[in-house]
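K.L.:
Below are the sequence and a predicted model for it; my questions follow.
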Amino acid sequence: MTFVLASASPRRLELLAQIGLTPDRVVPADIDESPRRAELPAAYAERMAREKCAQVGRQCSAERVLAADTAVAPGRRLLGQPAPAAAARPCRGLV
């Protein structure tokens, strides 16, 4: 049996290594990560993890799949994905 990580996150690989786990494969999920209207952060993170697992699981049906997600939220307000640093550079002089 093989172990598949459904994530492109280098941090998730680091966390797994800390507990002695190394996935046999890394297969990032290709899903729409848009939050639903009025979706709370914990529900959003759980839904994303389930959808990632299901999507990658369909590609790797005979394997064990681990999927997770992180949501950043001050209170009940879900913040979006951070923009890449390169996208912020042009705005640096405007602040």
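P.N.:
All right, it came through fine. Residues are numbered from 1 along each chain as shown.
K.L.:
Which helix runs longest in the chain?
P.N.:
Secondary structure of the chain per DSSP state H: the longest helix is helix 41-59.
K.L.:
for stretch 34-41, which positions count as buried?
P.N.:
Pro35, Pro41 (16 or more other C-beta atoms under 10 Å). Any C-beta I mention is one placed from the backbone N, CA and C, and that applies to glycine too.
K.L.:
which helices and strands sit right next to the longest helix of the chain?
P.N.:
In terms of contacts (3 or more C-beta pairs under 8 Å, 6 or more residues apart in numbering; DSSP states H and E), helix 41-59 is packed against strand 64-66.
K.L.:
for the strand it packs on, the distance to its chain's centre please.
P.N.:
Remark: strand 64-66 is offset 14 Å from the chain centroid, using C-alpha atoms, centre = their mean, to the nearest Å.
K.L.:
what's it packed up against?
P.N.:
strand 3-5, helix 41-59.
K.L.:
Now mean pLDDT and distance to Ile31 too, for these, in CSV please.
P.N.:
Shown next, in CSV, are the helices and strands packed on strand 64-66 (pLDDT from 0 to 100; distance: least, C-beta to C-beta, whole Å):
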stretch, mean pLDDT, distance to Ile31
strand 3-5, 94, 15
helix 41-59, 95, 5
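K.L.:
Need the winner for burial among those.
P.N.:
With neighbours taken as mean count of other C-beta atoms under 10 Å, these reach their highest mean count in strand 3-5, at a mean of 19.
K.L.:
Contacts for the following helix or strand past that one next, please.
P.N.:
The first helix or strand that comes after strand 3-5 along the chain, using DSSP states H and E, is helix 10-18. Residues outside helix 10-18 that contact it (C-beta atoms under 8 Å, 6 or more residues apart in numbering): Leu5, Thr22, Pro23, Val26, Leu66, Ala68.
K.L.:
CSV for the helices and strands packed on strand 64-66, including distance to Arg77?
P.N.:
Below are these laid out as CSV (distance: least, C-beta to C-beta, whole Å):
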stretch, distance to Arg77
strand 3-5, 29
helix 41-59, 8
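K.L.:
Out of the ones you listed, which gets nearest to Val72?
P.N.:
Proximity to Val72, assessed across these by C-beta to C-beta, is greatest for helix 41-59 (7.9 Å).
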